[in-house]
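A.B. asks: Show me how the following folds:
(one chain, ligands or ions: 2)
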Amino acid sequence: MKFLDEAKVYVRSGDGGNGCVAFRREKFIEFGGPSGGNGGRGGDVIVECVDGLNTLIDYRYQQHFKAQRGHNGMGKDRSGANGADIILKVPAGTQIFEDDGETLIADLTRVGERVVLARGGNGGFGNAHFKSSTNRAPRRANPGLAGEERWIRLRLKLIADAGLIGLPNAGKSTFLATVSAARPKIADYPFTTLHPGLGVVAVDGREFVLADIPGLIEGAHEGAGLGDRFLGHVERCRVLLHLVDGTGEHAGAAYKIVRAELAAYGHGLAEKSEIVALNKADALTPEQLKQQTARLKRAAKKAPLIVSGATGEGVPAVLRALVSVIDTARQQVTERPRESVWQP
Ligand SMILES: Nc1nc2c(ncn2[C@@H]2O[C@H](COP(=O)(O)OP(=O)(O)OP(=O)(O)O)[C@@H](O)[C@H]2O)c(=O)[nH]1
Ligand SMILES: [Mg+2]
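C.D. replies: Numbering: from 1, shown residues only. Ligands and ions are numbered 1, 2, ... in the order given. Predicted coordinates:
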């Protein structure tokens, strides 16, 4: 178990340190006056998006994060040190929700983005702060303010440019292994892939990220097979690559099952641009190829690309088709301003 895309975490910022009541008492110095220092600020809880992570697995082992409290003020006008912040490192694509799992607090999509989830409490004033012309010897100091605590939910939606979808055994992982340096598990039984994987694909001097997710089966939206929860990881893709196994019984029917699951899942997946490809062409006789292509064309209402992830035949054409969709989508996105992220 190395992949985790949901976690519930408790965070608490540090309390402020207390102010101090003290008086200067020193030989030969009359009326030394108040000298109690202020308390330090408590540490904040910060979430930061970092490079080189693609799982929330760390939060399986530790769920409670507390920032340090501020140190108390002391005599001789010494103020307390601030408490250290605590930083939760998360991969790009992590969304932070309130405990209800619905209210979005922040969506961290770029490396380096930071959000303060809980601010540390302010330190209290020491009695030196309260001295005035009329009160030369104040005997009061403030306690530090309490920090905040909350439960939050982290949900990872991987960021990839293109996503692979299809029935189990359609050859998705094989395709990813052929076009990238990723080495997913490949075998001739359904549900070989149990969690999403990413690979970087280079084509014509360009690069994009391709995501491989577990296969979908009929009824996935009701929990059949591995369910449709992994579809969240292709929600942010600009294009889907729908692989249909040519050696299956009916390519058109296979296509329709997956489309129905996308529609049932919602979240705009069904409207996303899609490249349809008939896979495993190397294992088909010319007649079979013709028949399956015709069936798939009828179902998808457009001519599928013919490809074999195993031999690499037809792969460059598929990659070019993906890149061209990604490029047009990128242009549209840069024209639209990014929606702002909530800041406390
Ligand atoms: N002949 C042929 N076999 C292929 C091709 N692509 C994949 N296969 C075989 O099909 C089987 C399934 O391949 P996978 O890549 O594991 O399929 P998957 O879609 O990732 O399957 P799940 O992870 O279970 O959803 C393996 O035995 C592959 O060797 C292909 O292009 N041609
Ligand atoms: Mg697979």
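A.B. asks: Only C-alpha atoms from now on, for both contacts and neighbour counts.
C.D. replies: Will do.
A.B. asks: Quick check: chain neighbours aside, which residue is closest to the residue nearest the centre of the chain?
C.D. replies: What sits nearest the mean C-alpha location of the chain, by Cα atoms, centre = their mean, is residue 94, with 2.1 Å. In space, and not counting its chain neighbours, residue 94 is closest to residue 156: 4.3 Å by Cα to Cα, 6 or more residues apart in numbering.
A.B. asks: need the contact list for the residue nearest to the centre of the chain.
C.D. replies: 49, 107, 108, 109, 154, 155, 156, 157, 158 (Cα atoms under 8 Å, 6 or more residues apart in numbering).
A.B. asks: Next up, the contacts around the residue nearest to residue 94.
C.D. replies: By Cα under 8 Å, 6+ apart, the contact set of residue 156 is 5, 6, 55, 56, 91, 93, 94, 95, 233.
A.B. asks: confidence score at the nearest residue to residue 221 once chain neighbours are set aside?
C.D. replies: Taking Cα to Cα, 6+ apart, and ignoring the residues beside it in sequence, residue 221 has residue 228 as its nearest neighbour in space, at 5.4 Å. In the prediction, the pLDDT value recorded for residue 228 is 86.
A.B. asks: How about residue 344?
C.D. replies: Each residue has a pLDDT score; the one for residue 344 is 55.
A.B. asks: Tell me how far the residue nearest to residue 221 lies from residue 266.
C.D. replies: As judged by Cα to Cα, to the nearest Å, residue 228 and residue 266 stand 11 Å apart.
A.B. asks: What is the burial count for the residue of the stretch 201-344 of the chain found nearest ligand 2?
C.D. replies: The stretch 201-344 of the chain approaches ligand 2 most closely through residue 214 (5.8 Å), counting by Cα to the ion. In terms of burial, residue 214 registers 28 neighbours under the definition other Cα atoms under 10 Å.
A.B. asks: near ligand 2, which residues of the stretch 101-250 of the chain?
C.D. replies: 173, 193 (Cα under 5 Å from the ion).
A.B. asks: can you map out the strands along the stretch 101-250 of the chain?
C.D. replies: Under the criterion DSSP state E, counting those that start in this stretch, the stretch 101-250 of the chain carries strands at the ranges 104-108, 114-118, 149-156, 162-165, 197-203, 206-212, 239-245.
A.B. asks: between residue 228 and residue 266, who's got more neighbours?
C.D. replies: Just comparing residue 228 and residue 266: by other Cα under 10 Å the higher neighbour count belongs to residue 228, 21 against 13.
A.B. asks: List, one by one, the residues from this structure near ligand 1.
C.D. replies: Where the chain comes near ligand 1, counting by Cα under 6 Å from any ligand atom, the residues are 168-174, 186-188, 190-193, 214-215, 279-280, 282-283, 308-310.
A.B. asks: Show me the shaky parts of the stretch 1-150 of the chain.
C.D. replies: Within the stretch 1-150 of the chain, the segments meeting pLDDT under 70 span 1.
A.B. asks: Settle this for me: residue 56 is touching residue 89, isn't it.
C.D. replies: No - counting by Cα atoms under 8 Å, residue 56 sits too far from residue 89 to count as a contact (9.0 Å).
A.B. asks: Looking at those two, which one has more neighbours?
C.D. replies: It is residue 56, of residue 56 and residue 89, that has more neighbours when counted by other Cα under 10 Å, with 20 against 17.
A.B. asks: and the residue of the stretch 1-150 of the chain found nearest ligand 2, how many residues sit next to it?
C.D. replies: Taking Cα to the ion, ligand 2 has its nearest neighbour within the stretch 1-150 of the chain at residue 3, 14.9 Å off. Applying the criterion other Cα under 10 Å, we find 15 residues in the vicinity of residue 3.
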